[in-house]
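Asks: After the sequence you'll find the predicted model.
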Amino acid sequence: MSKILEGLCYSESHEWVKVEGNIAVVGVSDFAQKEMGDITYVDMPAVDDEVSAGEEFGALESVKASSDLISPVSGVVVEVNEELEDAPEKVNEDAYASWIIKVEMSDPSELDALLDADGYKALIGE
Amino acid sequence: MASLPYLPHTDADVRAMLEKAGVKTLADLYADVPAKFLKKGPYALPDAMSEQEIREWFASLEAQNARLKVFVGQGAYDHYTPSVIPYLTQRSEFLTAYTPYQCEISQGTLRYIFEYQSMMCALTGMDVSNASMYDGPTAAAEAMKMCVSCTRKKNTVLLSKALLPHVIKVVETYAKFHGVTIGLVDAPEGETSLKALQEALTEDVAGVILPSINRYGIVEDHTGFADAIHAAKALMVEYCDPSALAVVKTPGEWVADIAVGDGQSLGLPLCYGGPYVGFMAVKKDYMRKMPGRIVGQTTDKEGRRVFVLTLQAREQHIKREKATSNICSNESLMALWVTIYLSLMGPEGLREVNRLSSDGAHYLYAELLKTGKFDEVFPGKPFLKEFVLKPKSFPGLMQKRLEEAGFFAALDTEEGYVTFCVTEKHGKAEIDRLVSVIKEG
Amino acid sequence: MKYYDKLIFELSKEGRCGFSLPANSFPSGAELPAVLRRESALELPEVSEPDVVRHYTNLSQMNFGVDTGFYPLGSCTMKYNPKINEEVAALQGFAGLHPLMHAGLTKGALKVYQEMNKALAAITGMYTFTFDPCAGAHGELTGLMIMRTYHIQRGDLGRTKVIVPDSAHGTNPASAAVCGLEVVEVKSLENGRIDVEALKPLLGPDIAGIMMTNPNTLGLFETQIEEIASLVHGCGGLLYYDGANMNPLMGVVRPGDMGFDIMHLNLHKTFSTPHGGGGPGSGPVGVAKHLEDCIPDLRVSGFHGNFGVILRAYAYILALGKEHIRKVGQYAVLSANYIKESLKDVYKLPIEGVCKHEFVFDGLVNDGAREGVPGATTLDVAKRLLDYGFHAPTIYFPLLFHQALMIEPTETESKETIDAFIEVMRKIAAEAAENPEILHDAPHCTPISRPDETAAARNPILKFQDA
């Protein structure tokens, strides 16, 4: 049974978003980290890179797999979680404490297209 | 017809196996192939040869090739191969293994690749090496692609005009199809010009490929190059002769980001151009953008030191069209060849190879000038084992006389020069003989 | 096999020497200017010749090759590597040739290329070959460059996409990307073949061509190849044949006759040259007559490709001759079907019917998924096989099945060897139900046990100096 936090928005590609003013904090769900298994590397964009909703902004890697990270919102990357560069296992340990990027949103209405906790729960069928 | 000893099935075996497979004849195994695609009639191939006939046939082909003393380099160098190397690389356990996917029964391959990576890092002064590439020119082409993928929104790679001709051609071919713009940087005085480079370093430049030792044999001075390239937010790639790196400034010392080249000069036979072994070593920052296989150290369940293929999430079998490269098979056995060569030579042996080659080349250079048949092209420029001269007359006749006397030398270049190369295989007496052929001509 | 723990660097002792070079007979030459000289220490080992010989002999003894035992690695065609091939490739009259020697000096070498060109054309039904590519993936890239050149020469500039089946080797989409083509995936049907109905809507003026493996990676012949060829040609595209699976067609079917315009061969698979622990290979590319003019502009490797590998393959073709070539394909297919039928009661066979040179099981029947019946995964089966002295099949590929186990026996394995393999595979299937622990912990009899691959990827130690 995967953990799903109330109050976050979720994408169908298993990213979560926590809204802080105009900033979207983006990570992956507990379900996603379990599916990946031991994460060995988090490929992240650079600060000031532009991201678009529905397009990849990085990847999670395990020994035998690579899974694209899809941005739930559009905007400019204002911060990346540098801690993950040397400690990708933190995503396995707590997927919700281990945010990946912070995005200054260009179109906050994109959030409306995301799922709430109940909707995400239905999506993953748990 | 000759029998074929590679197929063990007897008629009885075939009958028993057909029965289990649930078909009556061998032809039935192809019942799903539309009849029109089944080849009718015999293949237009020679009659099967016995082993003895094969041996004799190849001896007759071999005899049609000239056997000359090689005094030409240009990317393929006639260095000496210690007898130990072919003996060890022919061991079946190395020779007949596949890529080390099952690490528990491939520790031999994985360990020598780890040693190879360590040695290539030691030679180049870089942090991380991959397990090998096809050859030097394709390694340079991969470096070109890497420059573009490591920089943001940049799509031009600059090549020095002084790179070996075959390197430029291969990189241009890859770039054309990969959609990368290539710019050429002038080398007016026999080496890549910093001024010309600075003028060419526009905003779109993702990387610059420079020769450590260039097509004229000149050891290039790259003082100031790294600063200029890095200021333009581009990557610096050094194309090197790894044998020479024992004595010339390394890519690491020039503060390059990527080192590539051909390992052929580390004791590989000329073999008409292949198999050789490309190498690539990079700064740690670019480790995950590097193409090709990489071996890493870890432990097994008992805590023993073991080696595995690692960082595989970059590769084609996982990332498919998003992989860093399409390379799969590389030149593993030739990497073993290089590893054994470097083990035997050690730091002192490799320095001595350079000393002998360089001393011989400088002796030949001086003796050729004395014949009065050549002009210097780049007087005073430093070289090691290879150099160019300008012949005072059309070189065709001289080349023919050299061939007849048993030498492959004075190969003409695109620029109208002739090129020479000396390795430790050539002593003074042999060089004197070569010079006397030219003198008499 | 025994565990041996040394690295060559650990045998090093200052002052030891493993080289033998002539005395310097020259007047002392020029020194390089200081700015061009290497300043850093050169950290290579200093070892004697006996040290080197013993070290690498010890390393070799931790390796498994075709000469050690059965190597049923799917899609890799691990057939016997004849020794006469090695002998001819080492002849000094070939090994001593400089690649820039003109044609008058290299008549014997050029004859090898000419004869190989004729032989490969005869075997494949293509018109002519280029020998420059150094491996299969390199051949794919070269073939796609030829495909694009063909369209560009005709002024047909909009063809930027290439169709690749979902069952394709990973190199196919990767090669397409390197060549600047966009990959469009076409799905497979339940029966493992390309879905022709799904293919039709993909075809149009933006399609450069399709890359196919036939038989495909499931070892199944694409029975609708004629219709596929006519559809792709009909939209102006070309057909590329990935020759990794050519072995079952040897002497029986020719890709050129099936409508393929471009193909590569893996000489290190189909033509018996050794794989060398991951190369050198050779990936010559053949084209149909109408593409002949698209080759000359392309320089994809330094000189003339891997000549030493081409020599070996030529020796093999001469041993086969017109008389034996058919047996290669037929026996490879016979052995695969024999194994498939002998094991399909204990391993899940997702698609019934005659296969070609290889086939794919989707794991054990006792895969652990059924309530109350213990079981094991494909990885466990693969690792347990190592204990019994066999190399593992290709695992977890193709991606169409979750527990793929891809078996390719080749024609050079005897019925006795194959029977022994079948017996062990059945024994492992029984162990999975009775004593699955022994599989989960396997291998037990190899020089090392399962490694910590996660640690290797998280904290990379990639050279001796890092450790």
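Replies: Ah, there it is.

Asks: Checking the residue most central in space within chain A next. Helix, strand or coil?
Replies: With distances taken as Cα atoms, centre = their mean, the residue of chain A nearest its centroid is A:G27 (2.6 Å). Assigned with DSSP: H, G, I helix; E, B strand; the rest coil, A:G27 falls in the strand class.

Asks: My guess is it contacts A:E15. True?
Replies: Yes - under the criterion of Cβ atoms under 8 Å, A:G27 makes contact with A:E15 at 6.9 Å. C-beta coordinates here come from the backbone N, C-alpha and C atoms, glycine included.

Asks: is the residue nearest to the centre of chain A in a bridge, and if so with what?
Replies: A:W16 (DSSP bridges).

Asks: Which residues lie in contact with it in this structure?
Replies: A:15-16, A:18, A:91, A:95-96, A:98-100 (Cβ atoms under 8 Å, 6 or more residues apart in numbering or on different chains).

Asks: B:T413 versus that one, what's the distance?
Replies: 59 Å (Cβ to Cβ, to the nearest Å).

Asks: How about B:G303?
Replies: 57 Å.

Asks: mind checking the SS state of the closest residue to B:H222 other than its chain neighbours?
Replies: Nearest residue to B:H222 in three dimensions, chain neighbours excluded: B:W254, at 4.8 Å (Cβ to Cβ, 6 or more residues apart in numbering or on different chains). Under three-state DSSP, B:W254 falls in the coil class.

Asks: does B:W254 really touch B:G224, like I thought?
Replies: No - counting by Cβ under 8 Å, B:W254 stays clear of B:G224, with 10.1 Å between them.

Asks: Just want the residue of chain A that's nearest chain B.
Replies: A:E61 (3.8 Å; Cβ to the nearest Cβ).

Asks: Now for that residue, how many residues are close by?
Replies: A:E61 has 25 neighbours, counted by other Cβ atoms under 10 Å in any protein chain shown.

Asks: wait, what's in contact with the residue nearest to B:H222?
Replies: B:212, B:222, B:225-226, B:236, B:238.

Asks: likewise B:V418?
Replies: B:V418 touches B:374, B:388-391, B:395, B:410-412, counting by Cβ under 8 Å, 6+ apart.

Asks: Just the closest of the residues you listed to chain A, please.
Replies: Scanning these for proximity to chain A, where the rule is Cβ to the nearest Cβ, the winner is B:V388, at 44.8 Å.

Asks: what's the spacing between the closest one and chain C?
Replies: From B:V388 across to chain C, the span is 14 Å (Cβ to the nearest Cβ, to the nearest Å).

Asks: excluding its backbone neighbours, what's nearest that residue?
Replies: B:V388 sits nearest to B:Y417 (Cβ to Cβ, 6+ apart), 4.0 Å away.

Asks: For that neighbour, report the pLDDT, please.
Replies: What the model reports as pLDDT for B:Y417 is 98.

Asks: Pop out the phi and psi values for it.
Replies: phi -90, psi 180 (degrees, to the nearest 10).

Asks: From what I see, it and B:K390 are in contact.
Replies: Yes - using Cβ under 8 Å, B:Y417 is in contact with B:K390, at 5.5 Å.

Asks: quick one: terminal-to-terminal distance for stretch C:257-273?
Replies: 26 Å (Cα to Cα, to the nearest Å).

Asks: cool, stretch B:7-27 as well?
Replies: 18 Å.

Asks: which phi and psi does the closest residue to chain C within the stretch 1-150 of chain B have?
Replies: Scanning the stretch 1-150 of chain B for the residue nearest chain C gives B:A48, at 2.8 Å (criterion: Cβ to the nearest Cβ). Main-chain torsions, B:A48, degrees, to the nearest 10: phi -60, psi 140.

Asks: returning to what we had before: more neighbours: B:G303 and B:T413, which one.
Replies: Each of B:G303 and B:T413 has its neighbours counted (other Cβ under 10 Å); B:T413 has more, 14 against 9.

Asks: Show me where the chain has its helices.
Replies: Just going to use chain A. With helices called from DSSP state H, chain A shows them at A:30-36, A:83-86, A:89-93, A:117-124.

Asks: Chain C, not that one
Replies: C:49-60, C:83-89, C:92-95, C:107-124, C:136-153, C:171-178, C:196-199, C:225-234, C:307-343, C:378-387, C:415-434, C:436-440, C:453-458.

Asks: Looking at those helices, spot the one closest to B:K428.
Replies: helix C:92-95 (23.8 Å; Cβ to Cβ).

Asks: starting at the chain centroid, how far to the closest one?
Replies: Chain-centre distance of helix C:92-95: 27 Å, with Cα atoms, centre = their mean, to the nearest Å.

Asks: what residues does it touch?
Replies: Against helix C:92-95 from outside (Cβ under 8 Å, 6+ apart): B:61-63, B:65, B:67, B:269-272, C:88-89, C:108-109, C:307-308, C:311.

Asks: Could you turn the buried ones of the residues you listed into a PyMOL selection?
Replies: To isolate the buried ones among the contacts of helix C:92-95 in PyMOL, judged by 16 or more other Cβ atoms under 10 Å in any protein chain shown, type:
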select buried, (chain B and resi 61+62+65+269+270+271+272) or (chain C and resi 88+89+108+109+307+308+311)
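
Asks: closest to chain A among the contacts of helix C:92-95?
Replies: Checking the contacts of helix C:92-95 one by one against chain A (Cβ to the nearest Cβ), the nearest turns out to be C:G308, at 33.7 Å.

Asks: what residues does chain C put near chain A?
Replies: By Cβ under 8 Å from any Cβ of the partner chain, the residues of chain C that approach chain A are C:396, C:453-454, C:456-458.

Asks: Save those as TSV, and put in neighbour count too.
Replies: Supplementary listing: these in TSV, determined by neighbours: other Cβ atoms under 10 Å in any protein chain shown:
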residue	neighbour count
C:Y396	17
C:E453	20
C:T454	18
C:A456	27
C:A457	25
C:R458	20
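
Asks: can those residues go into CSV with extra columns for distance to chain B and pLDDT?
Replies: Below are those laid out as CSV (distance: Cβ to the nearest Cβ, whole Å; pLDDT from 0 to 100):
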residue, distance to chain B, pLDDT
C:Y396, 10, 92
C:E453, 6, 96
C:T454, 9, 96
C:A456, 4, 96
C:A457, 5, 95
C:R458, 10, 94
